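Asks: sequence first, then the predicted structure, then my questions.
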Amino acid sequence: QLQLVESGGGMVQSGGSLRLSCEFSASAMDFYAIGWFRQGPGTEREGVSCITLSGGIEYYADSVKGRFTISRDNAKNVVYLQMNNLKPEDTALYYCAADLTPWVLERRCRRDEYDYWGQGTQVTVAS
């Protein structure tokens, strides 16, 4: 069974950086992509950045372009989210999730497109 475990969250000052890690069990052949999502207080869970495990096709939400970088290490079964220049509005519970469906016509990074979820790691950015 596919399992995902997030780590690396914490509290930082505005302008600071954090790197989140998503460790996943099972063979990388079992699913197609890993995504990072976040849910702040009173908000819907939104896609932040997603990446295919083969080919490394990336997607970024407009709000994080130029600040966040997603990467993968298939040998270690880990996907990272490097977050720089953090802002208070980035405060949220960050989840990673796995997508079983190939990206054919579009890059997939919507909550309802992902099938397996981790428990989340809290990121708090103080102003």
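Replies: Looks like it came in fine.
Asks: for the residue nearest the centre of the chain, give me the pLDDT.
Replies: Geometric centre of the chain, nearest residue: residue 36, 1.7 Å, by Cα atoms, centre = their mean. Here, the pLDDT recorded for residue 36 equals 98.
Asks: just list whatever residues bridge to residue 51.
Replies: Beta-bridge partners for residue 51, by DSSP bridges, are residue 34, residue 58.
Asks: tell me the spacing between it and residue 95.
Replies: Going from residue 51 to residue 95 by Cβ to Cβ, to the nearest Å gives 15 Å. For every residue, glycine as well, the C-beta is placed using N, CA and C.
Asks: for residue 18, give me its contacts.
Replies: 8, 9, 10, 12, 83, 86, 123 (Cβ atoms under 8 Å, 6 or more residues apart in numbering).
Asks: and the third one, how far from residue 125?
Replies: Distance check for residue 10 against residue 125: by Cβ to Cβ, it reads 10 Å.
Asks: between these two, who's got more neighbours?
Replies: It is residue 125, of residue 10 and residue 125, that has more neighbours when counted by other Cβ atoms under 10 Å, with 20 against 13.
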